[in-house]
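*Asks:* next comes the sequence, and after it the predicted model I'd like to discuss.
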Amino acid sequence: GNSVTQMEGPVTLSEEAFLTINCTYTATGYPSLFWYVQYPGEGLQLLLKATKADDKGSNKGFEATYRKETTSFHLEKGSVQVSDSAVYFCALSDQGGGFKTIFGAGTRLFVKA
Amino acid sequence: GAVVSQHPSRVICKSGTSVKIECRSLDFQATTMFWYRQFPKKSLMLMATSNEGSKATYEQGVEKDKFLINHASLTLSTLTVTSAHPEDSSFYICSPQVQGSYEQYFGPGTRLTVT
């Protein structure tokens, strides 16, 4: 079955540091890949997505590239801010899975001023 | 973008009572509805999938008689937690989806506390 594995947190960084959150997936078909963000006390928000190999999703300074050869979709940001503190979820969805979104465990990010 | 509402946003109820959570897609028609549950500091766990006018399909380990799902229209789905117990306390999130689409939209969630 489909699954998503992402690095365990929490991740603690200083402001303006470089961020990488690793995500790898297993899928039987050709999934679309997503990063969602959940700020404290709020619901899930779509951060970025990529629907095919080599696509790069980007939003708010975050980016992730769909790597089919390594089945990865790592999230990066060049300079984090305190306001980026949140939980980040990697996820996939594909037709073989009935378009259900499967989520990774989530990675909590703390950014210190 | 797509707008999804959930009501109530927070609810506190006593053990043994039932609670109904409504999920509405305000500007699109959702042929499929996913209901998720999120425990504190955990990921989202899919509870069930329903298609408009059909019975819901529940994931393994989810009691269908305890978590009643109704998807009567293309813009409204309800989740009723029956005879709630403290272990049902959680954050419940609906996710309507347009037929054949990869992308899901998520409601803001309902925090249920059972005392």
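*Replies:* Everything's here; your move. Numbering: from 1, shown residues only, chains lettered A, B, ... in the order given.

*Asks:* can you pull out the strands in chain A?
*Replies:* A:3-6, A:11-14, A:19-21, A:23-26, A:32-38, A:44-50, A:56-59, A:62-65, A:75-77, A:86-93, A:101-103, A:107-112 (DSSP state E).

*Asks:* worst mean pLDDT among these?
*Replies:* Per-stretch mean pLDDT for the strands of chain A is lowest at strand A:101-103 (a mean of 88).

*Asks:* now do that one: which elements does it pack against?
*Replies:* The contact analysis (3 or more C-beta pairs under 8 Å, 6 or more residues apart in numbering or on different chains; DSSP states H and E) places strand A:101-103 against strand A:3-6, strand A:86-93, strand B:44-51. In this view, the C-beta of every residue, glycine as well, is placed from N, C-alpha and C.

*Asks:* just those strands: most buried one?
*Replies:* The highest average neighbour count among the helices and strands packed on strand A:101-103, using mean count of other C-beta atoms under 10 Å in any protein chain shown, belongs to strand A:86-93 at a mean of 24.

*Asks:* report the angle between that strand and strand A:44-50.
*Replies:* 50 degrees (axes from the mean of the first three to the mean of the last three C-alpha atoms, to 10 degrees).

*Asks:* what packs against strand A:86-93?
*Replies:* Using 3+ C-beta pairs under 8 Å, 6+ apart as the contact test, the elements touching strand A:86-93 are strand A:3-6, strand A:23-26, strand A:32-38, strand A:101-103, strand A:107-112.

*Asks:* again, only this time at 6 Å
*Replies:* Applying 3 or more C-beta pairs under 6 Å, 6 or more residues apart in numbering or on different chains; DSSP states H and E, we find strand A:86-93 packed against strand A:3-6, strand A:32-38, strand A:101-103.

*Asks:* for residue A:82, find the nearest of the ones you listed.
*Replies:* strand A:32-38 (14.5 Å; C-beta to C-beta).

*Asks:* mind listing what the residue lying closest to residue A:19 once chain neighbours are set aside touches?
*Replies:* Distances taken as C-beta to C-beta, 6 or more residues apart in numbering or on different chains place residue A:77 nearest to residue A:19, at 4.4 Å, with adjacent residues excluded. Listed by C-beta atoms under 6 Å, 6 or more residues apart in numbering or on different chains, the contact partners of residue A:77 are A:19, A:61, A:62.

*Asks:* change it to 10 Å
*Replies:* Residue A:77 makes contact with A:13, A:17-21, A:58, A:60-64, A:84, A:109, according to C-beta atoms under 10 Å, 6 or more residues apart in numbering or on different chains.

*Asks:* which among those end up buried?
*Replies:* A:13, A:19, A:21, A:62, A:63, A:64, A:84, A:109 (16 or more other C-beta atoms under 10 Å in any protein chain shown).

*Asks:* could I get the strands of chain A in CSV, plus columns for distance to residue B:93?
*Replies:* Listed next are the strands of chain A as CSV, based on distance: least, C-beta to C-beta, whole Å:
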stretch, distance to residue B:93
strand A:3-6, 17
strand A:11-14, 23
strand A:19-21, 21
strand A:23-26, 20
strand A:32-38, 10
strand A:44-50, 7
strand A:56-59, 21
strand A:62-65, 22
strand A:75-77, 21
strand A:86-93, 12
strand A:101-103, 11
strand A:107-112, 18
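
*Asks:* out of those strands, flag the one nearest residue B:47.
*Replies:* Of those, nearest to residue B:47 by C-beta to C-beta is strand A:101-103, at 12.9 Å.

*Asks:* can you tell me the strand partners of that closest one and which way each runs?
*Replies:* strand A:86-93 (antiparallel) (DSSP bridges).
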